[in-house]
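In: Only the shape, not the letters, is given here:
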Ligand SMILES: [Zn+2]
């Protein structure tokens, strides 16, 4: 299937995005698309200082030349995350102008425009300036609100435009970050398989296949990513777009994100900086992704057909004790109730745990084979990241291995989505896995 055919097929399944235009020099297509999807509306370009230069100015010129009433708003700050104060800022801009947002930027600006447009009951057009995240075409915006990183439900852009020349001119680290964000779908997919197995979040076939069937292919040229090769960057952007479409189909980020992303959420919520700088979404996700590959490697070495289901069920903690554990663990965390809320939503009783463990025990060979087929080993993923220019070690984003290890219990409790660590808790192999990943000879051996 050609790139075009693939995207046409995906768009037929997408619930919210109606057009995706990716190619060399496609910024001049924006006015026509705008007229087609937002007839008789006014436009306002939302950009920051960098993205204004990268593409905003050109898009602004094209739209004005086409006779569309177009204003601009440039976010004044040099460095910013997706935080609530920017939502309020853009809410006000859209409200006072009555215009349709033309978001020009990477993930953060896109997420802000996505949620603010939704607040005004409007759709928007997104122009991507870097192949850095899968959030462009995704359902929902990931915003830090009241100290917690939260996904707010809001529709994806109606139209998405990406000029490959602009993407290729973005800083190399941004493209490498996008590569890691796409690679995260490997372990995230495996964890979705576990949730499916447990019956909590069944796999949605369309959302699965639209992305997972082409994922290996789209991760296959890490060197091209590092070299800024247009074909490699176009393929990466397609992969990120398909990931967003998978989320539209599922109405959830489940197809694209699991524990791999939670390390990033913690680092964002705790305002982690390295050398004075906030670290990108994708670079933080890279570390989470490698960590989950390491956890799966160790998981596959265990023989789950030998687990003592009766003992695991007898030891399974009550909801009250899990709530107490969460409150204690999160007491100094920026969102102290988060673990409590999420474990309350996902805790299951002994009968459910017995059924889940019995299934794993009795079908271990088959389950293991399926999961192994989905996963990349830590070694393979680390090699790909090295070639792509993404982090291969937490120290590259200023996180020590001890810090990483300390985050693991938070990741198990901070989202109601079932993950590998939940399986490990049920099967009483959690401590073994942590010890093997961070202990002597482990992928993240702490010296
Ligand atoms: Zn992501």
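Out: Received, thanks. No experiment lies behind these values; they were computed from the predicted model shown. Residues are numbered from 1 along each chain as shown.

In: can you give me the strands in the stretch 1-150 of the chain?
Out: Taking DSSP state E, counting those that start in this stretch, the strands of the stretch 1-150 of the chain run over residues 19-23, 43-48, 70-75, 100-105, 125-128, 141-145, 148-152.

In: could you redo those strands as a markdown table and give each row mean pLDDT and distance to residue 227?
Out: Where you see a C-beta, it was placed from the backbone N, CA and C, and this is true even at glycine. Shown next, in a markdown table, are these (pLDDT from 0 to 100; distance: least, Cβ to Cβ, whole Å):
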| stretch | mean pLDDT | distance to residue 227 |
| --- | --- | --- |
| strand 19-23 | 94 | 19 |
| strand 43-48 | 98 | 27 |
| strand 70-75 | 97 | 31 |
| strand 100-105 | 98 | 24 |
| strand 125-128 | 98 | 20 |
| strand 141-145 | 91 | 30 |
| strand 148-152 | 86 | 33 |
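
In: got the ones you listed as a markdown table, with distance to residue 444 and mean neighbour count columns?
Out: Shown next, in a markdown table, are these (distance: least, Cβ to Cβ, whole Å; neighbours: other Cβ atoms under 10 Å):
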| stretch | distance to residue 444 | mean neighbour count |
| --- | --- | --- |
| strand 19-23 | 37 | 19 |
| strand 43-48 | 35 | 26 |
| strand 70-75 | 37 | 18 |
| strand 100-105 | 34 | 28 |
| strand 125-128 | 33 | 29 |
| strand 141-145 | 26 | 21 |
| strand 148-152 | 23 | 19 |
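
In: Pipe the ones you listed into JSON lines and attach distance to residue 304 per row.
Out: Output for the strands of the stretch 1-150 of the chain, formatted as JSON lines (distance: least, Cβ to Cβ, whole Å):
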{"stretch": "strand 19-23", "distance to residue 304": "42"}
{"stretch": "strand 43-48", "distance to residue 304": "49"}
{"stretch": "strand 70-75", "distance to residue 304": "50"}
{"stretch": "strand 100-105", "distance to residue 304": "45"}
{"stretch": "strand 125-128", "distance to residue 304": "42"}
{"stretch": "strand 141-145", "distance to residue 304": "34"}
{"stretch": "strand 148-152", "distance to residue 304": "32"}
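
In: Would you map the helices across the stretch 1-150 of the chain?
Out: Taking DSSP state H, counting those that start in this stretch as the criterion, the stretch 1-150 of the chain contains helices spanning 3-13, 30-37, 49-51, 57-65, 84-97, 107-119.

In: Deepest in the core, which of those helices is it.
Out: helix 107-119 (a mean of 25; mean count of other Cβ atoms under 10 Å).

In: outside of that helix, which residues touch it?
Out: The set of residues external to helix 107-119 that reach it, using Cβ atoms under 8 Å, 6 or more residues apart in numbering, is 46-48, 51, 75, 80-82, 86-87, 90-91, 93-94, 100-101, 103, 123-124, 126, 128, 132-133, 135-136, 140-143, 152, 154-157, 281.

In: Repeat the analysis, applying 7 Å as the threshold.
Out: 46-48, 51, 80-82, 86-87, 90-91, 94, 101, 103, 123-124, 126, 132-133, 135-136, 141-143, 152, 154-155, 157, 281 (Cβ atoms under 7 Å, 6 or more residues apart in numbering).

In: Tell me how far stretch 353-372 lies from the chain's centre.
Out: On the basis of Cα atoms, centre = their mean, to the nearest Å, stretch 353-372 sits 27 Å off its chain's mean C-alpha point.

In: ok so, going back, for residue 371, which of the helices of the stretch 1-150 of the chain is the nearest?
Out: helix 3-13 (25.5 Å; Cβ to Cβ).

In: List the single closest residue to residue 130 in space, sequence neighbours excluded.
Out: Nearest residue to residue 130 in three dimensions, chain neighbours excluded: residue 170, at 3.7 Å (Cβ to Cβ, 6 or more residues apart in numbering).
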